[in-house]
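[1] Sequence and predicted model, in that order:
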Amino acid sequence: MKRKKALVLSGGSIKGAFHVGAIRRLIEEGFEPDIILGISVGAVSAAYLVNNMGSQGKKQSFAFALEELTKFWFTHASEPRTVMQRRPLWSLGYGLIRKRFKSFMDTSEYFSWFDSLSAQNISKSRIELIVGAVNLYTGKIEYFNSSHPHIVEASKASSIIPLIMPPVYINGIPYVDGGLRDVVPLRPLVQGDELSELVIVITHPGQLAKEEFNIGNLGEYINRTKNITVNQIIRGDLDNIHKFNQKLLFFLKKKIPYRIIRPSKELKFTLDRFNLDDIKNMMSLGYESAKNSTWL
């Protein structure tokens, strides 16, 4: 059995532009994965990469797939209104009163991002795709791979921010952001394929910095609370690979070489506050962070 190289892309909303720069550096180093796992915005980028490698009726290169992904980010994520827009107050009020609430934001623009993806292209790619989304009924995360007939819907569902965006239904079941359970989707790897190399790209720094902010500002309050929660989930996710390597060392006297690429400080960009220059800067930061990262 061939040992596989895996690339893991974390959640992070608009900060996912960081992934693009990191992957560019990895390609320069000659790294090409056999599996890409993504959660939330990482699932979106992962799906685009794998889809592009199986597009146009022939197998494309990983470098080609990245160039297409870069164009996608520049075209579809240049400013907040290209992602989503606020629903009218009357629409929100009607939905709440009639118990037909969908979401706070109109995501028709965002959902159009997935129109160019197809399960057929993804299944043709030589790189396997794995994405995770949370089943709202069970509360558990479920992972979908390239062969699943609803892999595109699953990739979309993985990036759905609860309440802000409407759930994605797969076989009548509502799914939302996989980041509610796994911000760094390592679980399928430590339970399955034998790996030769593992690269993990995370959009959040290792240490949560002290930060004073206006608690009276609801947006800042929510963002800070979210960052505290995400930081803790990431710690738990990374513990999975640490523990798995400890078992390998104990029983087989070997371990999986892995590398973590992440920013040194928080990327202060949110879905309602960014522009094209911010996207480019996050890509550059991803590239430099990858360049400075080392194998563990």
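    Sure, I can see it. Numbering: from 1, shown residues only.

[2] contacting residues around the helix or strand of the chain with the lowest mean pLDDT?
    When the helices and strands of the chain are compared on mean pLDDT, DSSP states H and E, helix 89-97 comes out lowest with a mean of 81. Residues from elsewhere that reach helix 89-97, judged by Cβ atoms under 8 Å, 6 or more residues apart in numbering: R100, F101, K102, F104. From N, CA and C alone the C-beta is placed, and that goes for glycine too.

[3] Same question for stretch 217-236.
    Applying Cβ under 8 Å, 6+ apart, the set of residues contacting stretch 217-236 is 10-11, 179, 181-184, 202, 204, 208, 211, 213-215, 266, 270, 272.

[4] In a helix, Q246, correct?
    Yes: residue assignment for Q246, taken from DSSP: H, G, I helix; E, B strand; the rest coil, places it within a helix.

[5] What does the pLDDT read for it?
    Q246 carries a pLDDT score of 88 in this model.

[6] How much space separates it from K124?
    Noted for Q246: a distance of 38 Å to K124, by Cβ to Cβ, to the nearest Å.

[7] Have a look at those two and say which one is more surrounded.
    Using other Cβ atoms under 10 Å as the criterion, Q246 and K124 rank with K124 on top: 18 against 11.

[8] Please report phi then psi for the more buried one.
    phi -80, psi -20 (degrees, to the nearest 10).

[9] Hmm, N52 and it touching each other?
    No: here K124 does not reach N52: they are 10.9 Å apart, not a contact under Cβ atoms under 8 Å.

[10] I'd say K140 and L180 touch.
    No: between K140 and L180 there is no contact, the gap being 10.1 Å when judged by Cβ under 8 Å.

[11] Do you have the strands of this structure handy? List them.
    4-9, 35-39, 85-86, 105-106, 128-135, 141-145, 168-170, 173-177, 195-201, 258-261 (DSSP state E).

[12] so which of those strands comes closest to H242?
    The stretch from the strands of the chain with the least distance to H242 (Cβ to Cβ) is strand 258-261; that distance is 9.5 Å.

[13] what about that closest one, distance to the chain center?
    If you compare the mean C-alpha spot of strand 258-261 with that of the full chain, they lie 16 Å apart, counting by Cα atoms, centre = their mean, to the nearest Å.

[14] now for it, which elements pack on it?
    Of the remaining helices and strands, those touching strand 258-261 by 3 or more Cβ pairs under 8 Å, 6 or more residues apart in numbering; DSSP states H and E are strand 195-201, helix 218-252, helix 276-291.

[15] Out of the ones you listed, which is closest to L66?
    Distances from L66 to each of the helices and strands packed on strand 258-261 were compared using Cβ to Cβ; the minimum, 10.8 Å, belongs to helix 276-291.

[16] quick one: the closest one to chain centroid distance?
    Computed by Cα atoms, centre = their mean, the separation of helix 276-291 from the middle of its chain amounts to 16 Å.

[17] Find residues that contact each of K140 and L180.
    Among the neighbours of K140, those also in contact with L180 (Cβ under 8 Å, 6+ apart) are V134.

[18] higher neighbour count, the two?
    Using other Cβ under 10 Å, the more surrounded residue of K140 and L180 is L180, with 21 against 9.

[19] Show me the residue sitting in the middle of this structure in space.
    G42 (1.6 Å; Cα atoms, centre = their mean).

[20] From F213, how far out is D272?
    Summarising the geometry, the distance separating D272 from F213, computed by Cβ to Cβ, is 16 Å.

[21] er, K268 actually
    K268 sits 11 Å away from F213, taking Cβ to Cβ as the criterion.

[22] again, but for L267
    Remark: distance between L267 and F213 (Cβ to Cβ) = 16 Å.

[23] Over to N292?
    29 Å.

[24] try F250
    Distance from F250 to F213, counting by Cβ to Cβ: 44 Å.

[25] and the gap between I127 and G216?
    Taking Cβ to Cβ as the measure, I127 and G216 are separated by 47 Å.

[26] again with R86
    Here the criterion is Cβ to Cβ. By it, R86 lies 21 Å from G216.

[27] Pick out whichever of those two has more residues nearby.
    Relative neighbour count places R86 above the other of R86 and G216, with 13 against 7, counting by other Cβ under 10 Å.
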